[in-house]
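S.K.: coords please:
(4 chains)
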2 protein chains.
Amino acid sequence: MPLSHSLEKNGREPAYIRICNSLKDRIAEGVYVSGDRLPSESELCRLHKVSPMTIRRSIRILLDQGIVTTVQGSGTFVRAPHLNQVTFSLKEFFDIFKDEKRTQVKLMDVCITKADDMVSARLQIEPGQRVILLQRLILRDGDPVIYHREFLVYDPARPVIEADLEITTLYGLFEGRGQAFLKRGEMTVEAMVLDPELAGHLNTQPLLPAFRLEHLFYDFDDHPVSWGRFICRGDVLRFKATVGFGISGQKENHP
Amino acid sequence: MPLSHSLEKNGREPAYIRICNSLKDRIAEGVYVSGDRLPSESELCRLHKVSPMTIRRSIRILLDQGIVTTVQGSGTFVRAPHLNQVTFSLKEFFDIFKDEKRTQVKLMDVCITKADDMVSARLQIEPGQRVILLQRLILRDGDPVIYHREFLVYDPARPVIEADLEITTLYGLFEGRGQAFLKRGEMTVEAMVLDPELAGHLNTQPLLPAFRLEHLFYDFDDHPVSWGRFICRGDVLRFKATVGFGISGQKENHP
DNA sequence: TTGACAAAGTTATCTATATAACTTTATAGA
DNA sequence: TCTATAAAGTTATATAGATAACTTTGTCAA
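M.R.: Residues are numbered from 1 along each chain as shown, chains lettered A, B, ... in the order given. Okay, the predicted model is just below:
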């Protein structure tokens, strides 16, 4: 399966894409290996008979993809492949919330309580201050697959509560149109084993594997507003990743 | 009228970065919300008193970061935030291999065996064909934390075996200098519970939580060469992620 | 041999303009 | 009213340079 880009795409392929893929191919084939210096930009201009800006655009793409590094005044160098940039997507996790036909969200409990030490530390509030405790159950085809326990800062001035109580809002908070009140979040994934209580919530056996996704969401003032944990049955969730150089092909857009 | 653009404005900050952050800030502040059209490029040129190419570069960064979408002939629009692009880094996992002072790799067993149905399917070879079975134990400070079981295609023509038997090579395969023979890989993370056998390997108790990282590595001809699983004690590994818009700041380079 | 310095080469940023492809909107004609 | 077309506006690609900042290397003098 050869990899010539020139013939494909009936020649309507932009020059910067063609040159970018050409360089990628040479790297993948081992013509240039890790640490090698690529031809200088002016050299590439002459080689491909294009203007400097076009070459720079090709180099920029390789730079963004982490395939090369550039050193001002020195040159452009092939980078070693980088396994530590492997990332796992949470797409499958959030797809559970998106699929409204199969997914139900059941509100188990809402109450106002006082923040203990852990909650107050996470939400950066005083211990004993009032917080909202939400407990939800996410059902897929009627079966509980995720248990969610979340603490929200209690602020009567902010219309967070009503919006957040909306059962399908969990996904809509970030994904929905209009102005979301959350700016960013941090999440952590850990492996765990279901204890009897959680197993009861999830209507399954204890001692089964599960993921614990801890989350901390911030508002636009960088104040924490929500801390909690998703407990996901291990048999309904997995994370996938791809690592390594793509030989060529796709544009660098986000379609 | 030359110069006077980049130098003074904000401490040598390039114009395209300044404009990019300015737009990001407006989006984060809610001046532009999801679905809104940004001012056209020519408009932004007049506003910021720069040339079209500079504006395009700013827009390109927002595009690459998934903050806006562009529609040729129509405009540039603010995208909804996108939780499904949340990713978890495997950096911590591979850092275990990188830290040579604390980490030892113990080769438990090497043998040549015949591929069963599952192995032959993964490695795209005939059932019964010979494969190399490797079993390793990764020790941290003397304690076993990861158990690795890997099947390699047996190809006398390729000097894979010796290189791969190198105990520290697991990390070096991708990260090392020179020409690596692996082009890309796929990995999957699952939650699991240690059975007595695995617990014995890892010198810990059964029924404890663990991660199972299944991997499939391909060579430069897109043929699978390695399939296997890492079993990681759940108490030594966790994955972290950040989601949401950054207000501004960093350049988009890979330093 | 060493150090200072100049020169050449390289990437980084930016200008100003041009053409093409595409979308939206306004307009004229039936 | 409806349709076809034109016009204007937008992004996409590309040219052909310019200046600045930085690195490497070579040369010359002490």
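
S.K.: how far away is the closest residue to A:Leu208 other than its chain neighbours from B:Ala210?
M.R.: Leaving aside its sequence neighbours, A:Leu208 sits nearest to A:Leu194 (Cβ to Cβ, 6 or more residues apart in numbering or on different chains; 5.0 Å). No exception for glycine: its C-beta is placed from N, CA and C like everyone else's. As judged by Cβ to Cβ, to the nearest Å, A:Leu194 and B:Ala210 stand 14 Å apart.

S.K.: ok, the residue nearest to A:Leu208 - how many residues close by?
M.R.: 24 (other Cβ atoms under 10 Å in any protein chain shown).

S.K.: ok, it - contacts?
M.R.: If you count contacts by Cβ atoms under 8 Å, 6 or more residues apart in numbering or on different chains, A:Leu194 has them with A:Leu202, A:Thr204, A:Gln205, A:Pro206, A:Leu207, A:Leu208, A:Pro209, A:Ala210, A:Ile231, A:Arg233.

S.K.: Tally up the residues packed near the first one, please.
M.R.: Around A:Leu202 there are 23 other residues, counting by other Cβ under 10 Å.

S.K.: wait, it sits on A:Ile231?
M.R.: Yes. With contact defined as Cβ atoms under 8 Å, A:Leu202 counts as touching A:Ile231 (7.2 Å).

S.K.: Give the residues shared as contacts by these two.
M.R.: The contact lists of A:Leu202 and A:Ile231 share A:Ile146, A:Tyr147, A:Leu194, A:Ala210, where a contact means Cβ under 8 Å, 6+ apart.

S.K.: For the residue nearest the centre of chain A, list each beta-bridge partner.
M.R.: Geometric centre of chain A, nearest residue: A:Ser89, 5.2 Å, by Cα atoms, centre = their mean. Counting by DSSP bridges, A:Ser89 forms beta bridges with B:Thr87.

S.K.: so what's it scoring on pLDDT?
M.R.: Looking at A:Ser89, its pLDDT reads 70.

S.K.: Next one: it from B:Met187, what distance?
M.R.: For A:Ser89, the distance to B:Met187 - Cβ to Cβ - is 12 Å.

S.K.: Mind listing the shared neighbours of those two?
M.R.: A:Lys240, A:Ala241.

S.K.: Could you tell me the end-to-end distance of stretch A:27-41?
M.R.: 17 Å (Cα to Cα, to the nearest Å).

S.K.: distance between that stretch and the chain's centre?
M.R.: 31 Å (Cα atoms, centre = their mean, to the nearest Å).

S.K.: Is that stretch in proximity to DNA strand D?
M.R.: No. Stretch A:27-41 stays clear of DNA strand D (Cβ under 7 Å from any atom of the strand), getting no nearer than 9.3 Å.

S.K.: For beta bridges, what are the partners of the residue lying closest to A:Gln104 once chain neighbours are set aside?
M.R.: Spatial nearest neighbour of A:Gln104, excluding adjacent residues (Cβ to Cβ, 6+ apart): A:Leu139 at 4.3 Å. Assessed by DSSP bridges, A:Leu139 has beta-bridge partners A:Gln104, A:Pro144.

S.K.: A:Leu139 - how many residues pack around it?
M.R.: Neighbour tally, A:Leu139, other Cβ under 10 Å: 16.

S.K.: Name the nearest of the shared contacts of A:Leu202 and A:Ile231 relative to DNA strand D.
M.R.: A:Ile146 (37.9 Å; Cβ to the nearest atom of the strand).

S.K.: List phi and psi for that closest one.
M.R.: According to degrees, to the nearest 10, the main-chain angles of A:Ile146 amount to phi -140, psi 140.

S.K.: What residues does it make contact with?
M.R.: By Cβ under 8 Å, 6+ apart, the neighbours of A:Ile146 are A:Ile96, A:Leu137, A:Ile138, A:Leu202, A:Phe230, A:Ile231, A:Cys232, A:Arg233.

S.K.: helices and strands around the host helix or strand of A:Glu43, which ones?
M.R.: If you go by DSSP states H and E, A:Glu43 is part of helix A:41-48. Packing partners of helix A:41-48 (3 or more Cβ pairs under 8 Å, 6 or more residues apart in numbering or on different chains; DSSP states H and E): helix A:15-29, helix A:52-64.

S.K.: A:Leu137 is in contact with A:Thr103, correct?
M.R.: No. In terms of Cβ under 8 Å, A:Thr103 does not count as a neighbour of A:Leu137; the distance is 11.1 Å.

S.K.: Which residue is the nearest non-sequential neighbour of A:Ala191?
M.R.: B:Gly234 (3.6 Å).

S.K.: My error: substitute A:Glu186 in the last question.
M.R.: Nearest to A:Glu186 is A:Leu216, by Cβ to Cβ, 6+ apart, at 4.9 Å.

S.K.: Mind pulling up the pLDDT for that neighbour?
M.R.: Reported pLDDT for A:Leu216: 90.

S.K.: go on, A:Thr188?
M.R.: So A:Thr188 comes in at 88 (pLDDT).

S.K.: any idea which element it lies in?
M.R.: Going by DSSP H and E, A:Thr188 is in strand A:182-193.

S.K.: Follow the chain on from that strand and name the next helix or strand.
M.R.: Next element after strand A:182-193 (DSSP H and E): helix A:196-201.

S.K.: Pull out the buried residues from that next one.
M.R.: Neighbour counts over helix A:196-201 (16 or more other Cβ atoms under 10 Å in any protein chain shown) mark A:Leu198, A:Ala199, A:His201 as buried.

S.K.: repeat for stretch A:122-139
M.R.: A:Arg122, A:Leu123, A:Ile125, A:Val131, A:Ile132, A:Leu133, A:Leu134, A:Gln135, A:Arg136, A:Leu137, A:Ile138, A:Leu139.

S.K.: Could you check how far the second one is from A:Gln129?
M.R.: In this case it means A:Leu123. Taking Cβ to Cβ, one finds A:Leu123 at 8 Å from A:Gln129.

S.K.: what's the answer for the first one, then?
M.R.: Distance of A:Arg122 to A:Gln129, given as Cβ to Cβ: 12 Å.

S.K.: which one among the contacts of A:Leu194 gets closest to B:Arg79?
M.R.: A:Ile231 (30.6 Å; Cβ to Cβ).

S.K.: Give me the contact status of stretch A:40-49 with DNA strand C.
M.R.: Yes. Residues of stretch A:40-49 contacting DNA strand C under Cβ under 7 Å from any atom of the strand: A:Ser40, A:Glu41, A:Ser42, A:Glu43.

S.K.: if I look at the residue nearest to the third one when sequence neighbours are not counted, how far off is A:Glu41?
M.R.: Of all residues not flanking A:Ser42 in the chain, A:Pro52 sits nearest, at 7.1 Å (Cβ to Cβ, 6+ apart). Separation of A:Pro52 from A:Glu41 (Cβ to Cβ) stands at 6 Å.

S.K.: what's the answer for A:Ala115, then?
M.R.: In terms of Cβ to Cβ, A:Ala115 sits 57 Å off from A:Glu41.

S.K.: So which of these two has more stuff around it?
M.R.: Taking neighbours as other Cβ under 10 Å, A:Ala115 and A:Glu41 compare with A:Ala115 leading, 22 against 17.

S.K.: pLDDT score for that one?
M.R.: Confidence score, pLDDT, at A:Ala115: 96.

S.K.: again with A:Ile59
M.R.: 96.

S.K.: residues in contact with it?
M.R.: A:Leu38, A:Glu41, A:Val68, A:Thr70, A:Thr76.

S.K.: Taking those together, which two end up most distant?
M.R.: That would be A:Glu41 and A:Val68, which, of the contacts of A:Ile59, are the farthest apart (Cβ to Cβ) at 12.0 Å.

S.K.: Report the set of residues contacting both of those two.
M.R.: Common neighbours of A:Glu41 and A:Val68 (Cβ under 8 Å, 6+ apart) are A:Ile59, A:Thr76.
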